[in-house]
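A.B. asks: A structural model of the following input is requested.
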Amino acid sequence: MNVLKLYFAILAGGFAGSTLACDYPRLVAVPDGANSTIEQMVAAQESVRTYMEGMDTYLTCVNGELDAAGDDAPEEFKAIMVSRHNAAVAEMEAVAASFNDQIAAFREANP
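C.D. replies: Next up is the predicted model:
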């Protein structure tokens, strides 16, 4: 039984190692909208846009790795890839919400 677990762990590790080609973009800093200039907010918007494009590329890569592994991939591998996908989507949503909140704060501070 332990040999079987070891085999699946090695197999899952081999599949997971193939996802190293999926580059995870750096998290962007969202400035405080109430105390930022228009230039800072425009730069932040561009940074967020670039980050989102990078995350879309990352998600495409992760999904491609999962598809390439096929139905015979170990359940552990599938769970890891789904977890990576879901974590990336949650992070994207958090960045978007934070940026939108700071845009609202900027507009309130600069009517």
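A.B. asks: how close does residue 33 sit to residue 95?
C.D. replies: Here residue 33 is placed at a distance of 14 Å from residue 95 (CB to CB, to the nearest Å). C-betas here are computed from N, CA, C, even on glycine.
A.B. asks: Looking at the two, which has the bigger crowd around it?
C.D. replies: residue 33 (22 against 19; other CB atoms under 10 Å).
A.B. asks: quick one: pLDDT of the residue nearest the centre of the chain?
C.D. replies: Residue closest to the mean C-alpha point of the chain, counted by CA atoms, centre = their mean, is residue 88 at 2.8 Å. Per-residue pLDDT puts residue 88 at 96.
A.B. asks: Contacts only, for it.
C.D. replies: Residue 88 makes contact with 24, 55, 58, 59, 62, according to CB atoms under 8 Å, 6 or more residues apart in numbering.
A.B. asks: Go again with 7 Å.
C.D. replies: For residue 88, the residues meeting the contact criterion (CB atoms under 7 Å, 6 or more residues apart in numbering) are 55, 58, 59.
A.B. asks: Skipping its backbone neighbours, what lies nearest the first one in space?
C.D. replies: To tie it back to what came earlier, the one meant is residue 55. Spatial nearest neighbour of residue 55, chain neighbours left out: residue 92 (5.1 Å); criterion: CB to CB, 6 or more residues apart in numbering.
A.B. asks: Could you check the one helix or strand that neighbour maps to and say which residues are buried?
C.D. replies: When secondary structure is defined using DSSP states H and E, the element that contains residue 92 is helix 75-109. Burial within helix 75-109, assessed by neighbour count using 16 or more other CB atoms under 10 Å, is assigned to 76-77, 80-81, 84, 88, 92, 95, 99, 102-103, 105-106.
A.B. asks: Done for today, thanks.
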